[in-house]
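A.B. asks: Structure of the sequence below:
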Amino acid sequence: MNILTQKFQTKYDTAPFSQIKNDHFFPAFQDGIALAKAEIDAIVNNPAAPTFENTIEAMAFSGDILDRISSIFFNLNSAETNDELQRIAQEVSPLLSEFSNDIRLNADLFAKVKAVYEQKDQLNLNPEQTTLLDKKYKSFSRNGANLSDDKKLQLREIDKELSKLSLQFGENVLTETNAFQMHLTDEKDLAGLPEGTIEAARALAKSQDKDGWIFTLDHPSYIPFLTYADNRDLRKKMAIAFGAKCFQNNEHDNQTIVLKIAKLRFDRANLLGYATHAHFVLEERMAQTPEKVTSFLQDLLSKAKPAAEREFKQLTQFAKELDGIEQLEKWDGAYYSEKLKQQLFNLDDEKLKPYFQLEKVLAGAFTIAQKLYGLTFTEIFDIDKYHDEVTTYEVKDENGNLVSIFYADFFPRKGKRNGAWMTSFKSQYIKDGVNERPHISNVCNFTKPTETKPSLLTFNEVTTLFHEFGHGLHGMLANTTYPSLSGTSVYWDFVELPSQIMENWCYEAEALALFATHYETGEMIPMDLVEKIKESASFQEGMATMRQLSFGLLDMGWHGQDPSGITDLKAFETEQFAATQLYPDVKENAMSTAFSHIFQGGYSSGYYSYKWAEVLDADAFDYFKEKGIFNIEVATKFKDNVLSKGGTEAPMILYKRFRGQEPKPEALLKRAGLV
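C.D. replies: This next block holds a predicted model:
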């Protein structure tokens with residue numbers, strides 16, 4: 001009896017993590033695929049004429065067991081992996097690719113979908129049903145259903161290969177991240193570093209039975225080291241190691257993999273009748289075309305570049321005056337920026353950290369969600385979790401109805417990838433009159449509590465927590481009929497709106513008053529510090545914008561043209577970065593070989609969407625500021641038209657319904673200090 005394929009006998013139908021063994025997964029995937037295939041066969045073999053209900057809706061609810069197994073497995077593979085799970089991932093990924101191709105290339109099934117699609121104007125469907133029908137039809141037409149048999153075969157081969165390559169890419173990045181350690185034994189090498197960072201490095205060394213301090217490429221270790229360490233040579237060593245991930249001509253090198261992925265994506269797009277991978281991807285985005293994305297990026301670049309060049313000149317001058325640095329290098333950027341920021345605003349992240357104890361920041365996010373959307377979060381101890389460090393919450397509305405289960409997983413571990421993300425263990429949907437509520441998770445990598453201190457966050461980490469919590473709310477407040485349109489299942493250049501808008505509350509005195517209290521004395525964060533946080537929010541925003549745009553342009557470089565002629569990854573990158581480059585190039589480093597967003601995650605041809613969503617979030621938050629940041633009327637409009645609607649209608653329609661107009665970039669440029 002495989003627990004993964006049974007109905008879970010647990011509270012709220014939560015995943016029974018403690019009972020799941022690694023060797024359950026592979027057979028569960030096999031069974032899940034067989035069950036999903038049987039459901040599809042039943043639709044295909046139904047003798048009745050195809051209707052919306054017996055074809056489109058039946059497909060929308062098929063494969064739920066397989067979806068559940070996949071979400072549990074792939075979430076564990078990101079947050080709590082081991083060699084065995086990684087091996088299973090390599091085995092099941094091709095099977096899943098094969099299965100989704102079995103559906104997408106099933107001619108009989110497509111014929112039924114097409115029959116319903118061709119009579120859609122007579123069917124009297126509601127907007128959500130219309131969207132589902134459109135998406136189902138496109139999931140075939142955009143994935144080869146109209147291709148000849150030999151081309152369908154070619155497509156299958158490409159997809160199988162792509163799924164293996166992107167997994168391999170991610171494993172290489174994780175391996176190389178874990179492989180590097182800088183072991184220091186001389187105390188003077190620690191000069192400038194914050195106490196908490198030193199303490200964490202000491203604890204890591206101790207855990208390996210070593211003297212001294214160990215620093216790694218994990219963000220809570222790497223970022224403070226580059227920001228505060230006075231020893232320039234050691235900063236250089238760390239920075240070069242970070243930038244050299246999977247670019248070292250060793251067994252974990254990703255150069256060939258990147259070239260292969262780019263080429264296969266291009267071939268796949270061509271096969272389907274699109275000029276490039278970007279043309280294929282953007283058809284299903286708010287931006288719609290590569291030309292529109294490129295002109296959006298170039299337009300922002302023209303506004304940000306003069307500011308970025310001014311800021312870089314100021315930073316260069318500052319480093320020269322302070323330490324006689326003749327040429328500012330990449331490993332100097334964070335260090336001198338922090339020093340300059342302290343001089344200009346007298347604002348030191350380390351002085352702020354005592355006011356941002358993790359538990360209080362999280363409670364603050366909960367309180368803000370309660371004020372805006374009427375949600376209450378109560379920690380519960382009677383549901384299973386996949387690691388002791390995870391905390392679990394019951395989320396309820398004003399009437400005490402269950403809205404969601406929420407998992408929070410905040411500290412770095414060996415089996416957890418870097419970064420921060422939101423995900424779900426179970427989607428929301430409505431079936432047979434029952435509104436199945438979602439199980440949502442936020443995963444981050446914050447500094448662990450030490451023997452003497454709780455987990456204290458940098459301000460940047462505070463905004464990260466709010467960002468992921470915003471994605472979380474998008475998942476939790478979902479209220480749609482079909483799982484594939486629920487929660488964060490929206491266009492990628494819209495998905496960052498709910499997350500990015502939440503960051504705005506971190507800069508408002510009224511919101512900070514709810515959670516920013518000193519962990520020892522309990523005193524409220526001084527208002528002059530709040531003012532400085534606001535003032536410094538646009539500090540070096542020109543440079544930060546240029547950096548984001550450079551990633552977006554690199555992404556479009558790989559995917560908006562034929563990559564066949566690219567043989568030298570480094571040379572290609574240098575060319576793509578020419579318009580945005582401020583620092584001298586580092587020959588040992590490459591970006592693409594560890595650019596997981598676009599080569600492992602789903603951001604290929606979509607990295608621009610962070611900036612796109614910033615235009616949306618600045619414009620949307622302007623509306624809140626106009627009416628009051630806790631204004632119930634605006635919050636309800638945002639909840640009803642954006643957060644609960646998922647992907648049921650076109651994003652611009654939803655946005656205009658909330659805002660009353662299309663978004664304008666002015667609010668972003670003003671917030672960033674670029675006008």
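A.B. asks: Report the separation between residue 249 and residue 173.
C.D. replies: 16 Å (C-beta to C-beta, to the nearest Å). Bear in mind the C-beta positions are built from the backbone N, C-alpha and C, glycine included.
A.B. asks: same check, this time on residue 666
C.D. replies: Residue 666 is 38 Å from residue 173, by C-beta to C-beta.
A.B. asks: More neighbours: which of those two?
C.D. replies: residue 173 (22 against 13; other C-beta atoms under 10 Å).
A.B. asks: Excluding covalently adjacent residues, which one is nearest to that one?
C.D. replies: Closest residue to residue 173 apart from its sequence neighbours, by C-beta to C-beta, 6 or more residues apart in numbering: residue 594 at 5.0 Å.
A.B. asks: give me every residue that touches the one you found.
C.D. replies: Residues counted as contacts of residue 594 (C-beta atoms under 8 Å, 6 or more residues apart in numbering) are 173, 176, 245-247, 254.
A.B. asks: repeat that with 10 Å
C.D. replies: Applying C-beta atoms under 10 Å, 6 or more residues apart in numbering to residue 594 gives the contacts 169-170, 172-173, 176-177, 217, 242-247, 254, 258, 418, 600.
A.B. asks: cool, residue 130 as well?
C.D. replies: Neighbours of residue 130 in contact, by C-beta under 10 Å, 6+ apart: 52, 120-121, 123, 648-649.
A.B. asks: So which elements touch the lengthiest helix in the chain?
C.D. replies: Criterion DSSP state H: the longest helix present in the chain is helix 290-323. Helix 290-323 sits against helix 277-282, helix 330-345, helix 541-559, helix 609-627, helix 666-671, with contacts defined as 3 or more C-beta pairs under 10 Å, 6 or more residues apart in numbering; DSSP states H and E.
A.B. asks: Can you show me the CA trace of the first one as CSV?
C.D. replies: The C-alpha atoms that make up helix 277-282 are tabulated as CSV, following Å, rounded to 0.1, in the frame of the first residue of the first chain:
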residue,chain,number,x,y,z
HIS,A,277,11.7,30.7,-27.9
ALA,A,278,10.9,34.2,-26.7
HIS,A,279,8.1,34.6,-29.4
PHE,A,280,6.7,31.3,-28.1
VAL,A,281,6.8,32.2,-24.4
LEU,A,282,5.6,35.8,-24.7
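A.B. asks: Run the chain-centre distance for it.
C.D. replies: 20 Å (C-alpha atoms, centre = their mean, to the nearest Å).
A.B. asks: The last one now?
C.D. replies: Helix 666-671 sits 24 Å away from the centroid of its parent chain (C-alpha atoms, centre = their mean).
A.B. asks: Longest strand in this protein, please.
C.D. replies: The single longest strand within the chain, with elements called by DSSP state E, is strand 402-409.
A.B. asks: Which positions within that strand qualify as buried?
C.D. replies: Residues of strand 402-409 classed as buried: 403-409 (neighbour count, 16 or more other C-beta atoms under 10 Å).
A.B. asks: picking that back up, tell me how far the residue nearest to residue 173 lies from residue 255.
C.D. replies: As for residue 594, its distance to residue 255 is 11 Å (criterion: C-beta to C-beta).
A.B. asks: Past the longest strand of the chain, which element shows up next along the chain?
C.D. replies: strand 421-426 (DSSP states H and E).
A.B. asks: which parts of that following strand are buried?
C.D. replies: For strand 421-426, the neighbour count (16+ other C-beta under 10 Å) marks 422-426 as buried.
A.B. asks: Okay, angle between it and strand 402-409 too, please.
C.D. replies: 130 degrees (axes from the mean of the first three to the mean of the last three C-alpha atoms, to 10 degrees).
A.B. asks: Now the next helix or strand along the chain from strand 421-426: average pLDDT?
C.D. replies: Counting by DSSP H and E, the next helix or strand C-terminal to strand 421-426 is strand 429-431. Mean pLDDT, strand 429-431: 97.
A.B. asks: do the same with stretch 577-595
C.D. replies: Mean pLDDT, stretch 577-595: 97.
A.B. asks: got it, and stretch 16-28?
C.D. replies: 97.
A.B. asks: Need the CA coordinates for it. CSV is fine.
C.D. replies: Only the C-alpha atoms of stretch 16-28 are listed here, as CSV (Å, rounded to 0.1, in the frame of the first residue of the first chain):
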residue,chain,number,x,y,z
PRO,A,16,1.8,12.9,5.9
PHE,A,17,5.6,13.7,5.6
SER,A,18,6.7,11.5,8.5
GLN,A,19,5.2,8.4,6.9
ILE,A,20,6.6,9.1,3.4
LYS,A,21,9.8,7.2,2.5
ASN,A,22,12.0,7.9,-0.4
ASP,A,23,11.3,4.5,-1.9
HIS,A,24,7.6,5.4,-2.0
PHE,A,25,8.1,8.0,-4.7
PHE,A,26,9.1,6.2,-7.9
PRO,A,27,6.3,3.6,-7.7
ALA,A,28,3.8,6.4,-6.7
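A.B. asks: pLDDT weak spots in the stretch 501-650 of the chain?
C.D. replies: Applying pLDDT under 70 to the stretch 501-650 of the chain flags no residue at all.
A.B. asks: Show me where it has its helices.
C.D. replies: Remark: helices assigned in the stretch 501-650 of the chain by DSSP state H, counting those that start in this stretch are 509-512, 527-536, 541-559, 569-577, 596-599, 609-627, 632-638.
A.B. asks: closest to residue 182 out of those?
C.D. replies: Among these, the nearest to residue 182 by C-beta to C-beta is helix 596-599 (22.2 Å).
A.B. asks: which residues sit in contact with the residue nearest the centre of the chain?
C.D. replies: The C-alpha lying nearest the average C-alpha coordinate of the chain belongs to residue 421 (C-alpha atoms, centre = their mean; 4.8 Å). Residue 421 makes contact with 75, 78-79, 441-444, 468, 471, 601 under the criterion C-beta under 10 Å, 6+ apart.
A.B. asks: For it, give the beta-bridge partners.
C.D. replies: residue 443 (DSSP bridges).
A.B. asks: how near is it to residue 286?
C.D. replies: Separation of residue 421 from residue 286 (C-beta to C-beta): 22 Å.
A.B. asks: and what of residue 654?
C.D. replies: Distance from residue 654 to residue 286, by C-beta to C-beta: 11 Å.
A.B. asks: Return every residue with contacts to both of the two.
C.D. replies: 490, 494.
A.B. asks: Residue 319: which of the contacts of residue 421 is nearest?
C.D. replies: Comparing the contacts of residue 421 against residue 319 with C-beta to C-beta places residue 444 closest, at 31.5 Å.
A.B. asks: List the residues that contact the closest one.
C.D. replies: Contact analysis of residue 444 by C-beta under 10 Å, 6+ apart lists 219-220, 358, 408-412, 416, 419-422, 457, 461, 464-465, 467-469.
A.B. asks: Dihedrals phi and psi, the residue nearest to residue 142 when sequence neighbours are not counted?
C.D. replies: Of all residues not flanking residue 142 in the chain, residue 272 sits nearest, at 6.6 Å (C-beta to C-beta, 6+ apart). Dihedral pair for residue 272: phi -90, psi 0, per degrees, to the nearest 10.
A.B. asks: show me the contacts for residue 272.
C.D. replies: Counting by C-beta under 10 Å, 6+ apart, the residues that residue 272 touches are 141-147, 151, 155, 279-280.
A.B. asks: Neighbour count, secondary structure and distance to residue 7 added to those, as TSV?
C.D. replies: Shown next, in TSV, are these (neighbours: other C-beta atoms under 10 Å; DSSP: H, G, I helix; E, B strand; the rest coil; distance: C-beta to C-beta, whole Å):
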residue	neighbour count	secondary structure	distance to residue 7
141	17	helix	35
142	18	coil	34
143	21	coil	31
144	24	coil	35
145	22	coil	33
146	15	coil	38
147	17	coil	39
151	14	helix	41
155	20	helix	35
279	20	helix	43
280	23	helix	38
